[in-house]
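Engineer: Output the structure for:
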Amino acid sequence: MDGLRARWAALWQRMDLPEPEGLCGALLDAYSEAQRHYHTLQHLGECLALAETFRAEAERFDEIELALWFHDAVYDVRAHDNEARSAHWAVTALHAAGLGEQACSRIHDLVMATCHNALPGTRDAALLTDIDLSILGAPEARFAEYEQQIRAEYAWVAPDIYAARRRAVLQAFLEREPIYATPALRRRFEEQARRNLSHAIGHPEKPSS
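Structural biologist: Next comes the predicted model:
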């Protein structure tokens, strides 16, 4: 938690803007909500750390970092507009904090790119979505933990229905050529992601008897 607060403060210092009062705390509280098991502070921290690793790939790094802070700020597993609500929160809060309209608009689009329903339209959108999907290429143990965390978020879905829908989601990622649009992330994650996805699809959750 302290590390995330320090990153947030450093981000605003780089942008030469006063840190918005209470916004960091509100975001940290959002990622700590009880219904979350994967879309948590762990995921946020992993994304921010990876963004720093691949900082040289970004055109506007600070905007990517802000978009990562907000990309799962709203997360309701029964809703279908989480990205839109997260993007709206980002634009409203960042504009009030003094960020320019064009930057706010780009951040809105970056957050919306994490819907993963279209190819990213910019280099920064590609980097951001690749970072968000890096979990697919995580080491086997972390990927298995991720799968358990996603299942916990959808504990209310019947096992047979969940297994079919989860398989379809993972199959769609596996069919992407390539999975990662940013060459540097492709080199690091593509091969492992294909192994993880193939294994997961080959071993769907079995309905309870």
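
Engineer: any idea how far D76 is from the spatially most central residue of the chain?
Structural biologist: With distances taken as C-alpha atoms, centre = their mean, the chain has D132 as the residue nearest its mean C-alpha position (3.7 Å). When distances are taken as C-beta to C-beta, to the nearest Å, D132 and D76 turn out to be 18 Å apart. C-beta: built from backbone N, CA, C; applies to glycine.

Engineer: what's the answer for P120, then?
Structural biologist: When C-beta to C-beta is the yardstick, P120 and D76 sit 24 Å from each other.

Engineer: Give me the more crowded residue out of those two.
Structural biologist: In terms of neighbours (other C-beta atoms under 10 Å), P120 is the more surrounded of P120 and D76; the figures are 19 against 11.

Engineer: For the more buried one, grab phi and psi.
Structural biologist: Reported as degrees, to the nearest 10, the phi and psi values for P120 are phi -60, psi 140.

Engineer: now do L17
Structural biologist: For L17, the backbone dihedrals (degrees, to the nearest 10) come out as phi -130, psi 150.

Engineer: any idea which helix or strand carries the nearest residue to it once chain neighbours are set aside?
Structural biologist: Leaving out its chain neighbours, the residue that sits closest to L17 by C-beta to C-beta, 6 or more residues apart in numbering is G98, at 5.1 Å. Here G98 is covered by no helix or strand, with elements defined by DSSP states H and E.

Engineer: before we move on, what about C115?
Structural biologist: Applying DSSP H and E as the criterion places C115 outside every helix and strand.

Engineer: For it, which residues are in contact?
Structural biologist: If a contact means C-beta atoms under 8 Å, 6 or more residues apart in numbering, then C115 has E83 as its contacts.

Engineer: Over to it: give its phi and psi.
Structural biologist: Note on C115: its backbone torsions stand at phi -70, psi -30 [degrees, to the nearest 10].

Engineer: Pull up the gap between it and Y75, please.
Structural biologist: Following C-beta to C-beta, the distance that separates C115 from Y75 is 13 Å.

Engineer: dump the residue contacts of the nearest residue to the residue nearest to the centre of the chain once chain neighbours are set aside.
Structural biologist: Spatially, and ignoring its direct neighbours in sequence, D132 is nearest to T114 (5.1 Å; C-beta to C-beta, 6+ apart). T114 sits next to 71-72, 83, 128-129, 132 when contact means C-beta under 8 Å, 6+ apart.
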